[in-house]
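Colleague: Got a sequence here, can you build the structure:
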Amino acid sequence: MSQSVRSARPNVPSQRLKMRRELAAAAMELFATKGYEETTVDEIAAAAGVARRTFFRHFRSKEEAIFPDHDDTLERAKAVLDAAPAHENPLDTVCRGIKEVMRMYAASPAVSVERYRLTREVPTLREREIASVARYERLFTRYLLGHFDESAVAHRDGDEDGLDEPLLAEVAASAVVTAHNHVLRRWLRAGGQGDVEAQLDRAFATVRRTFGTGFVAGRAAADRPAAAAGAGGANGANGAAERERGVLVAVARTDAPLDQVMRTIEEALRQD
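Modeller: Numbers count the residues shown, from 1 in each chain. Sure thing, here's the model as predicted:
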């Protein structure tokens, strides 16, 4: 009996997401045929074959109805951060986390392209999309704040030009989100064609070169003093970051052009 209960539980989120997607499909079809302003919640519910109250159990408003996956994707992104290996550069972890968002769009290219068209035409939907993106950015900023490498940024008394922790974390998180959105928009304008994850990896390489040394591998800021003591203090933290960058140089995509690989190696050598 207990086994059947345990096996049934995972179906609850999938059934919920299935219903949300059905409502979203109905809403998008009505928005496309009738227009956003002319479509009512009652019509969306009827098109999906459910009652009005069922719609409001899943969405607070009709503009939310075409973004059925963001809540679950946010949880998946958070799970990536929570399960990150202790040795991984935190910026790499954030890049992996936001890939969950890209995979959400790439799972249904036709739906994503149509949703992109609608958000371009309806300001209310565009505002809802911006609010959804901001949730990811806050999640990544909080994570990076917990992995700030104080030794990587010079702090001198009276130096007002030094980067502080919240600024670097917020700028780095924004850079990851901006890189993701740039690649996503380009992919959507191309009709959802092409290897979007490969494009995303190239964009993230630029972000890593710019911000990758500002954060220290490890589980959390509170754990950093103990970890630093075991690794030789601040120099140990820097060594881990250097080793992480070394791995990024040594591991290359097999389809990368040789001259690109060589330029990457040369740039890394000049930075040492």
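
Colleague: Can you spell out which helices and strands pack onto the helix or strand hosting L125?
Modeller: Using DSSP states H and E, L125 falls within helix 123-145. Secondary-structure packing of helix 123-145 (3 or more CB pairs under 8 Å, 6 or more residues apart in numbering; DSSP states H and E): helix 70-82, helix 90-106, helix 109-121, helix 165-189. For every residue, glycine as well, the C-beta is placed using N, CA and C.

Colleague: could you redo the last one with a cut-off of 6 Å?
Modeller: helix 70-82, helix 109-121, helix 165-189 (3 or more CB pairs under 6 Å, 6 or more residues apart in numbering; DSSP states H and E).

Colleague: What helices and strands are in contact with the second one?
Modeller: Using 3+ CB pairs under 6 Å, 6+ apart, the elements in contact with helix 109-121 are helix 123-145.

Colleague: Over to the last one?
Modeller: For helix 165-189, the packing partners by 3+ CB pairs under 6 Å, 6+ apart come out as helix 90-106, helix 123-145, helix 196-211.

Colleague: Going by neighbour count, list what's buried in the helix holding L125.
Modeller: Buried residues in helix 123-145, counted by 16 or more other CB atoms under 10 Å: 125, 128-129, 132-133, 136-137, 139-141, 143-145.

Colleague: so where's this protein uncertain?
Modeller: Within the chain, the segments meeting pLDDT under 70 span 1-13, 148-165, 212-272.

Colleague: follow-up on the earlier one: okay, the helices and strands packed on helix 123-145 in TSV with distance to L200 and mean neighbour count next?
Modeller: TSV is the format used below for these (distance: least, CB to CB, whole Å; neighbours: other CB atoms under 10 Å):
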stretch	distance to L200	mean neighbour count
helix 70-82	14	16
helix 109-121	14	16
helix 165-189	5	18
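
Colleague: Just send those back as CSV, with distance to T93 too.
Modeller: Listed next are those as CSV, based on distance: least, CB to CB, whole Å:
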stretch, distance to T93
helix 70-82, 6
helix 109-121, 25
helix 165-189, 10
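
Colleague: Nearest approach to V101 belongs to which of the ones you listed?
Modeller: Relative to V101, the nearest member of the helices and strands packed on helix 123-145 by CB to CB is helix 70-82, separated by 5.6 Å.

Colleague: Show residues contacting the closest one.
Modeller: Helix 70-82 has contacts (CB atoms under 6 Å, 6 or more residues apart in numbering) with 17, 93, 96-97, 100-101, 104, 132, 135, 143.

Colleague: about what we covered before: take the helices and strands packed on helix 165-189 and write them to a markdown table, including distance to F56.
Modeller: Listed next are these as a markdown table, based on distance: least, CB to CB, whole Å:
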| stretch | distance to F56 |
| --- | --- |
| helix 90-106 | 23 |
| helix 123-145 | 16 |
| helix 196-211 | 34 |
